[in-house]
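>>> Predicted model, plus sequence, below.
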Amino acid sequence: MRINSTLTTIALALSVFAAGTASAIGTFTASAVAITQPNTPSELVPLAVELTLIEGRRDPEVAATLSQGWGRVSEFDAVTGTVKIELTAGRTLSAAVKALSARPSTSHVEALVPPAPAGLRLEPSVSKSERWVAEYKAAYIDYLASRGEEPEDEIPGLDFMEAYLFFKRDRAFPNDTYDAAYVMKQALDRAGWSNGGPPPPGAGPTENWEFIGPQDLNVPYRTYYGLRSNNGRVNAVAFDPIDSDTLYIGAPQGGVWKTTDGGINWTPLSDTWPNLGVSALAVDPQNPDTIYAGTGDYHGFDVTGYGLQKSTDGGATWTIMGASDFGFSRISDIVINPDNSTQLVVSCGRSGGGTGYGVYRSTDSGSTWTRVRLVKQDHLRAAEPAATSTQFGLARPLG
């Protein structure tokens, strides 16, 4: 069976703009002025407005005249009178909407949602990444202002971006550049992989992967949920040790899903939970009907945790374990001792100022917990269980 990853998205496509280049619209080339200003906010976060021309004025020359001083026409529809204007560096959405709405040739003007920094993960410069995120935040607040709305408590995707910035900044220090290859090599060296252990990623034979779902979920809108065809982010995967066609996935705001046919069909198992954040999953190797789910979105620092969910009937029903111990911490990992599955270790972090972080151990299948290590660290994972239970329950930081 091929086990495939679902598409991870912050879920907003980043548009690529050619500064200073006129765009062809049908047989018409836009003559709007586009001032080239390198290293400006508009290069990192492209802004655009969409307007409708009144009947009798649906002409490309009218659209080009409207765009002068504001940007350049990138799309024009003579039938509907719809015009898309990409804004020049330094222009704001709220100012453009206000000014263009006052023009007698327009009947409707609205700002388009600023694209999130989809290329953030590929940008090696920490300072540029920080500026990119700051400009996206400012652009989104300005977008809300153009619609007469108050700034939201959470800007779409910002929690994940700032968490990733923390990750990148910590590993680049004291330099400005994050060298992912170097960080990976250091992690592999620490794990002993460079001396006779498993080869690093890419060094061995490759496998073929294909997307197997879930897909075509009925999402209300794109800003928070991503494209309809491939939705969401998957934080965890766990497999049935006996039936290779049965596996579980955990999503940051989608709960736990189960497939029994190798990923063709999926069933949600957690719709009745208090919230649907999941960052870790584990299946009991001695009893595959017993499943543990660590709550909270640890990776994106979004949905808070509220304990460990446990099912003993393949996900049909669930019981919350350890809520008083873990508090609002997000559970980042779960490890079950393969020799004695009553022994578990979980690691918790990102408690939002709470006290539930650290490494916890249970010797009675999750009924009671003891904190065995107090590690206030954003990237923590429970160690793989050793052969003996006396060594079980240590922790190591991620690379």
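Cool, the structure landed.
>>> Low-confidence stretches in this protein?
The chain contains residues with pLDDT under 70 at 1-43, 121, 152-153, 180-181, 183-232, 301-302, 351-355, 375-399.
>>> what does the longest helix along it rub up against?
What stands out as the longest helix in the chain, according to DSSP state H, is helix 126-146. Contacts to helix 126-146, defined as C-beta atoms under 8 Å, 6 or more residues apart in numbering, come from residues 41, 44-45, 47, 92-94, 96-98, 110-111, 113-114, 116-117, 120, 123, 150-152, 155-156, 158, 161-162, 165, 168-169, 172, 176-178. Backbone N, C-alpha and C define where each C-beta goes, glycine included.
>>> now do 7 Å
By C-beta atoms under 7 Å, 6 or more residues apart in numbering, the residues outside helix 126-146 that reach it are 41, 44-45, 47, 92-94, 97, 111, 113-114, 116-117, 120, 123, 150-152, 155, 158, 161-162, 165, 168-169, 172, 176, 178.
>>> are any of these buried, and which?
For the contacts of helix 126-146, a burial check counting by 16 or more other C-beta atoms under 10 Å picks out 41, 44-45, 47, 92-94, 97, 111, 113-114, 116-117, 120, 155, 158, 161-162, 165, 168, 172, 178.
>>> Now Ser101: closest residue in space that isn't a chain neighbour?
Val109 (4.5 Å; C-beta to C-beta, 6 or more residues apart in numbering).
>>> next one: Ala172
Ranked by C-beta to C-beta, 6+ apart and with sequence neighbours excluded, the top spatial neighbour of Ala172 is Tyr178, at 4.2 Å.
>>> close enough to count as contact, that neighbour and Arg171?
Yes: counting by C-beta atoms under 7 Å, Tyr178 touches Arg171, with 5.8 Å between them.
>>> got the residue ranges for the strands in the stretch 201-350 of the chain?
236-239, 247-251, 255-259, 267-268, 278-283, 291-295, 308-311, 319-321, 330-336, 344-349 (DSSP state E, counting those that start in this stretch).
>>> Now do the helices in the stretch 101-250 of the chain.
126-146, 158-172, 180-190, 222-225 (DSSP state H, counting those that start in this stretch).
>>> these two touch, right, the residue nearest to Ser101 and Ala99?
No: counting by C-beta under 7 Å, Val109 does not reach Ala99; the two are 8.8 Å apart.
>>> the more surrounded of these two?
A side-by-side neighbour count of Val109 and Ala99, using other C-beta atoms under 10 Å, places Val109 first with 21 against 15.
>>> which ones are touching that one?
By C-beta under 7 Å, 6+ apart, the neighbours of Val109 are Val49, Leu51, Val97, Leu100, Ser101.
>>> Return the subset of these lying in strands.
Applying DSSP state E to the contacts of Val109, the entries found in strands are Val49, Leu51.
>>> Can you flag the buried ones in the contacts of Val109?
Val49, Leu51, Val97, Leu100.
>>> Could you find the closest non-adjacent residue to the third one?
Here the nearest residue to Val97 in space, its sequence neighbours aside, is Ser146; by C-beta to C-beta, 6+ apart that works out to 4.4 Å.
>>> Over to the second one?
In space, not counting the residues next to it along the chain, Leu51 is nearest to Val109; the distance is 4.2 Å by C-beta to C-beta, 6+ apart.
>>> I'd like to know how far the one you found sits from Leu53.
10 Å (C-beta to C-beta, to the nearest Å).
>>> Same check on Gln309?
Distance from Gln309 to Leu53, by C-beta to C-beta: 55 Å.
>>> out of those two, which sits in the more crowded spot?
Per other C-beta under 10 Å, whichever of Gln309 and Leu53 has more neighbours is Gln309, with 28 against 24.
>>> So what pairs up with the closest residue in space to the more buried one that isn't next to it in sequence in the strands?
Spatial nearest neighbour of Gln309, chain neighbours left out: Ala293 (4.3 Å); criterion: C-beta to C-beta, 6+ apart. Assessed by DSSP bridges, Ala293 has beta-bridge partners Leu281, Gln309.
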